[in-house]
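sequence unknown, structure follows:
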Ligand SMILES: Nc1ncnc2c1ncn2[C@@H]1O[C@H](COP(=O)(O)OP(=O)(O)OP(=O)(O)O)[C@@H](O)[C@H]1O
Ligand SMILES: O=c1[nH]c(=O)c2[nH+]cn([C@@H]3O[C@H](COP(=O)(O)O)[C@@H](O)[C@H]3O)c2[nH]1
Ligand SMILES: NC(=O)CC[C@H](N)C(=O)O
Ligand SMILES: [Mg+2]
């Protein structure tokens with residue numbers, strides 16, 4: 001059974017077919033917020049190959065025009081499922097195209113807010129939604145009613161703002177209920193999923209834990225053992241804790257100390273995960289090996305590749321040392337893959353340009369013939385955090401800022417040496433300590449210090465100094481795809497700068513990075 005089927009077996013599921021809108025994943029997000037499980041698949045999904053039956057189907061928006069030659073279209077078998085269907089923007093245009101082709105370019109494009117005017121107040125879709133602000137983003141529009149449909153709502157610019165089939169539960173709306181700018185959008189989606197599709201609202205993290213533990217136990221069986229790379233970050237910790245709940249000591253977690261972790265990190269993780277959470281954790285000190293391989297390397301991509309490859313070697317070496325009690329070989333590898341990674345890889349649009357190679361232990365052990373276990377592959381980050389809290393993982397760990405696999409190596413610009421790492425580490429520690437003291441840690445999505453490979457002149461105690469520069473970074477973001485810098489108070493920056501220059505040998509100057517992403521990225525390398 002596929003991972004999707006295992007979940008849809010237990011939870012009523014709404015199928016979201018993605019036509020490539022930048023908002024598609026938000027539809028899934030919103031439904032899960034009111035505890036209805038939703039799965040997104042590409043619009044090209046063949047219904048006969050689905051393998052499970054959804055309670056309803058949502059057709060998303062998309063950048064294409066339905067009348068264009070290369071436009072994507074839904075498999076018409078979707079109507080044979082005999083479940084309610086909701087088309088959003090392109091999705092509605094697709095319904096209209098299938099039922100009479102009344103779609104063309106509008107005279108005016110329509111982006112932004114509009115007021116919804118419900119014409120048919122008996123339709124369950126609009127319960128509690130009339131006269132609310134809805135968000136529009138389209139250039140095409142319906143020029144007539146599709147065969148068999150009636151108008152259920154209008155807006156100033158869209159006479160066919162909402163349509164419904166005369167006799168079947170098929171609906172179309174021109175606006176985007178999934179974006180927060182549509183003030184009652186979530187109510188509308190709930191009307192569809194709960195009232196119209198009759199999906200039960202049982203998608204809770206409590207239920208997920210039970211289901212997942214059961215699933216892991218069945219998958220692994222009574223004796224097999226599992227290994228996993230654990231960083232002390234949120235995702236791998238939550239995944240490791242879940243594994244431990246399911247199979248106890250048959251799960252072997254490995255933390256690789258690559259010499260570019262944060263200050264005291266390996267010891268702290270050993271204490272919190274090993275002693276605190278009862279996770280069977282081995283810390284491998286490979287710092288010399290990493291630092292030796294990084295010697296003389298200044299190119300960011302080369303650093304990332306070296307670290308990625310060395311991770312693999314160390315991990316494989318350690319895995320080979322484990323002797324399962326039953327005598328057989330390790331069969332499974334745990335990975336902390338999240339739903340956004342899965343969505344990314346199922347998108348029917350081509351891959352986007354590589355800006356930087358994100359180190360990931362993910363996908364590394366193909367030739368090891370290990371089977372993957374990915375307990376978080378259906379979850380968004382905030383669901384993972386909620387799950388972490390329920391599993392008793394300390395609050396501070398659950399709400400930790402993400403930390404990249406290549407660690408401080410990509411925060412020491414230029415060559416990475418032990419001394420340089422030490423400087424960056426100390427500065428970072430002071431910076432984060434001050435952020436926590438000021439009560440700002442949870443307002444910031446990620447913060448860290450970078451060590452720049454330039455020297456600058458200063459004066460300390462009447463002496464001329466000629467030392468390096470620390471750049472501080474702090475950003476706010478929801479998905480790390482775009483980000484803005486955090487507006488600290490002057491006094492805060494002043495305090496941090498003074499402490500770093502006073503307490504960290506080798507630093508004479510501190511700057512604050514005020515670039516958003518884009519055009520910059522979060523990390524400096
Ligand atoms: N030092 C390390 N030792 C062992 N595994 C690691 C290490 N650093 C990263 N990994 C592996 O790489 C994966 C990807 O790292 P990533 O930073 O994306 O996730 P995370 O560390 O679990 O969570 P977070 O996003 O909160 O940092 C981790 O889940 C873990 O399996
Ligand atoms: O596990 C990781 N391995 C990596 O190689 C890596 N590079 C960047 N990041 C993190 O990704 C987010 C976006 O960072 P960028 O804007 O720099 O690409 C930020 O949260 C970065 O910290 C990484 N995480
Ligand atoms: N947001 C959308 O789904 C847009 C649909 C279509 N591309 C249009 O411009 O009307
Ligand atoms: Mg991490």
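Received the coordinates, thanks. Bear in mind the structure is a predicted one, so any value in this text is a computation, not a measurement. Residues are numbered from 1 along each chain as shown. Ligands and ions are numbered 1, 2, ... in the order given.

what's the spacing between residue 285 and residue 375?
Look at residue 285 and residue 375: by Cβ to Cβ, to the nearest Å, they are 28 Å apart. In short, each C-beta sits where N, CA and C put it, glycine included.

Over to residue 425?
32 Å.

ok, the two, which is more surrounded?
residue 375 (27 against 23; other Cβ atoms under 10 Å).

Am I right that that one sits in a helix?
No - read with DSSP: H, G, I helix; E, B strand; the rest coil, residue 375 is coil and lies in no helix.

what sits against it?
212, 216, 239, 242, 243, 334 (Cβ atoms under 8 Å, 6 or more residues apart in numbering).

Report the buried members of those residues.
For those, a burial check counting by 16 or more other Cβ atoms under 10 Å picks out 212, 216, 239, 242, 243, 334.

In helices only, show me those residues.
In helices, defined here by DSSP state H, the members of the buried ones among the contacts of residue 375 are 212, 216, 239, 242, 243.

follow-up on the earlier one: now the buried ones among the contacts of residue 375 as TSV including pLDDT?
Below are those laid out as TSV (pLDDT from 0 to 100):
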residue	pLDDT
212	94
216	95
239	97
242	97
243	97
334	94
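
The residues you listed into a markdown table, with extra columns for distance to ligand 2?
Shown next, in a markdown table, are these (distance: Cβ to the nearest ligand atom, whole Å):
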| residue | distance to ligand 2 |
| --- | --- |
| 212 | 23 |
| 216 | 24 |
| 239 | 14 |
| 242 | 20 |
| 243 | 20 |
| 334 | 16 |
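
out of the ones in helices among the buried ones among the contacts of residue 375, which one sits closest to residue 443?
Ranked by distance to residue 443 (Cβ to Cβ), these are led by residue 239 at 26.7 Å.

That closest one: what's its closest spatial neighbour, skipping adjacent residues?
Distances taken as Cβ to Cβ, 6 or more residues apart in numbering put residue 336 closest to residue 239, at 4.5 Å, once the chain neighbours are dropped.

How about the contacts made by that neighbour?
Contact partners of residue 336, counting by Cβ under 8 Å, 6+ apart, are 233, 235, 236, 238, 239, 374, 376.

ok, the third one to ligand 4 distance?
In other words, residue 236. 7 Å (Cβ to the ion, to the nearest Å).

Could you list every helix and strand that the helix or strand encompassing that residue packs against?
Assigned by DSSP states H and E, residue 236 falls within helix 234-247. In terms of contacts (3 or more Cβ pairs under 8 Å, 6 or more residues apart in numbering; DSSP states H and E), helix 234-247 is packed against helix 205-220, strand 226-229, strand 251-257, strand 332-334, helix 381-390, helix 395-398.

Which residue does the stretch 301-450 of the chain have closest to ligand 4?
Of all residues in the stretch 301-450 of the chain, residue 403 sits closest to ligand 4, at 4.3 Å by Cβ to the ion.

What is the burial count for the closest residue to that residue other than its chain neighbours?
Counting by Cβ to Cβ, 6+ apart, residue 403 lies nearest to residue 233, which is 5.7 Å off, once chain neighbours are set aside. Residue 233 has 17 neighbours, counted by other Cβ under 10 Å.

Looks like residue 233 contacts residue 398 (just checking).
No - the pair residue 233 / residue 398 is not scored as a contact, 10.7 Å apart, by Cβ atoms under 8 Å.

Got the phi and psi for the closest residue to residue 99 other than its chain neighbours?
Distance criterion Cβ to Cβ, 6+ apart; nearest residue to residue 99, sequence neighbours excluded, is residue 146 at 3.6 Å. Note on residue 146: backbone dihedrals following degrees, to the nearest 10 are phi -60, psi 150.

show me the contacts for residue 146.
95, 96, 98, 99, 100, 102, 163 are the contacts of residue 146 under Cβ under 8 Å, 6+ apart.

Please repeat the previous calculation with a cut-off of 10 Å.
Residue 146 is in contact with 92-93, 95-103, 160, 163, 165, 170, 172, counting by Cβ atoms under 10 Å, 6 or more residues apart in numbering.

lowest-pLDDT helix or strand in the chain?
When each helix and strand of the chain is scored by mean pLDDT, DSSP states H and E, helix 339-346 comes last, with a mean of 73.

which residues touch whichever residue of the stretch 151-300 of the chain sits closest to ligand 4?
Of the stretch 151-300 of the chain, the residue with the smallest distance to ligand 4, taken as Cβ to the ion, is residue 233 at 3.2 Å. By Cβ under 10 Å, 6+ apart, the contact list for residue 233 reads 269, 336, 397, 400, 401, 402, 403, 404, 405.

which bits of the stretch 301-450 of the chain sit near ligand 4?
Within the stretch 301-450 of the chain, the positions lying close to ligand 4 (Cβ under 5 Å from the ion) are residue 403.

what mean pLDDT does the helix or strand residue 92 falls within have?
Remark: residue 92 resides in helix 90-98, with elements defined by DSSP H and E. Helix 90-98 carries an average pLDDT of 98.

Please apply the same query to stretch 152-159.
Mean pLDDT, stretch 152-159: 94.

Kindly report the same for stretch 202-210.
Mean pLDDT, stretch 202-210: 94.

Buried residues, it. List them.
Within stretch 202-210, the residues that count as buried by 16+ other Cβ under 10 Å are 203, 204, 205, 208, 209.

what's in contact with that stretch?
The contact list for stretch 202-210 (Cβ under 10 Å, 6+ apart) reads 7, 10-13, 31-38, 211-212, 242, 245-246, 375-376, 378-379, 383-391.

Next: stretch 489-506.
So stretch 489-506 is in contact with 419-420, 422-435, 437-438, 440, 449, 451, 455, 458, 460, 465, 467-468, 470, 472, 474, 488, 507-512, going by Cβ under 10 Å, 6+ apart.

Narrow these to those that are buried.
With neighbours counted by 16+ other Cβ under 10 Å, the contacts of stretch 489-506 contain buried members at 420, 422-432, 434-435, 440, 449, 451, 465, 467-468, 470, 472, 474, 488, 507-510, 512.
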